[in-house]
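Enquirer: Kindly return the folded structure for what I paste below:
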Amino acid sequence: MSVIDSIRGGLVPIHREGYPFILIGIAVALLLLWLLPPLGWIAVLITVWICYFFRDPERVTPLREGLVVSPADGRVCLVGPAVPPPELGLGVEPMSRICIFMNVFDVHVNRSPLAGRIERIAYKPGKFLSADLDKASEDNERNGLVLDTALGRIGVVQIAGMVARRIVGFKQEGDLLAPGQRFGLIRFGSRVDVYLPAGIAPLVAEGQRAVAGETVLADAAAAGGLTFRVD
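Expert: Okay, here's the model as predicted:
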């Protein structure tokens, strides 16, 4: 392997959603370096951070049936029963919920927690409270997906935070998702909630760090012999 190939192999790809912001940052930095060099160097640092924010590393997803992997990089901020958002149509009974908070330094590309078909996509406008608060699930702007999976219907909700102002989706209703497949992105700090069917207990605790597409949040095979649905 050549030196160039080694360097390329060590670089983390940048998601295409970040290109417009990076180009704007470069243009502003060049202009300020010409007119006001001190501010120009600050713009250079901001542009470097934008490149870092939109990084999109490859992940190795465990593929055994029954595994539910994290849809987001970040800190597990809440674990416990909660009623899913009404727009998802998942009923009024509490489901097991796992919330992952992404700060501005985490990877913000979101991935499918398991294989399934997107049965519903529901966008709900709202506030921009701090995403690590419990009430952010009810009050904040959000975009929810209902996945029809072998384990039953699972909810995945992207929630905007204080800094985030844009939830970007890559998929449509009816699309099939593989475990760990990219389905969306949230810009500049936010949260993703996962709602699991009854009988599937979380394997993570509050305060734990999660890696999208790799960290196992729950294992249906370890949930008291839970059987998979057969259509």
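Enquirer: quick one, helices of this protein?
Expert: Secondary structure of the chain (DSSP state H): helices at 3-10, 19-35, 37-53, 136-139.
Enquirer: and of those helices, who's closest to residue 125?
Expert: helix 136-139 (10.8 Å; Cβ to Cβ). For the C-beta atoms, the positions are set from N, CA and C on the backbone; glycine is no exception.
Enquirer: which intervals of this structure have sub-threshold pLDDT?
Expert: 1-11, 126-139, 161-165, 189, 223-231 (pLDDT under 70).
Enquirer: In it, which residue sits furthest out from the middle?
Expert: Distance from the centre of the chain peaks at residue 35, with 39.1 Å (Cα atoms, centre = their mean).
Enquirer: need the contact list for residue 115.
Expert: The contact partners of residue 115, by Cβ atoms under 8 Å, 6 or more residues apart in numbering, come to 149-150, 176-179.
Enquirer: again, 7 Å this time
Expert: Going by Cβ atoms under 7 Å, 6 or more residues apart in numbering, residue 115 touches 149, 177-179.
Enquirer: for residue 33, same thing?
Expert: residue 40.
Enquirer: Let me see the ranges of the strands in the chain.
Expert: Using DSSP state E, the strands found in the chain span residues 67-69, 74-82, 95-102, 109-111, 116-124, 142-149, 152-160, 167-169, 176-177, 182-186, 190-196, 209-210, 216-219.
Enquirer: Which secondary structure elements does the second one sit against?
Expert: In other words, strand 74-82. Here strand 74-82 touches strand 95-102, strand 209-210, going by 3 or more Cβ pairs under 7 Å, 6 or more residues apart in numbering; DSSP states H and E.
Enquirer: what inclination does the longest one have with respect to strand 152-160?
Expert: In this case it means strand 95-102. Comparing the axes of strand 95-102 and strand 152-160 via axes from the mean of the first three to the mean of the last three Cα atoms, to 10 degrees yields an angle of 30 degrees.
Enquirer: what sits up against strand 95-102?
Expert: Taking Cβ under 7 Å, 6+ apart as the rule, strand 95-102 contacts 70, 72-82, 84, 108, 131-132, 189-197, 200-202, 204, 210, 217.
Enquirer: Mind listing the strands it pairs with, and their directions?
Expert: Here strand 95-102 is paired, per DSSP bridges, with strand 74-82 (antiparallel), strand 190-196 (antiparallel).
Enquirer: okay if I get the strands of the chain as TSV plus distance to residue 21?
Expert: Output for these, formatted as TSV (distance: least, Cβ to Cβ, whole Å):
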stretch	distance to residue 21
strand 67-69	28
strand 74-82	21
strand 95-102	17
strand 109-111	15
strand 116-124	22
strand 142-149	20
strand 152-160	17
strand 167-169	12
strand 176-177	26
strand 182-186	12
strand 190-196	16
strand 209-210	25
strand 216-219	30
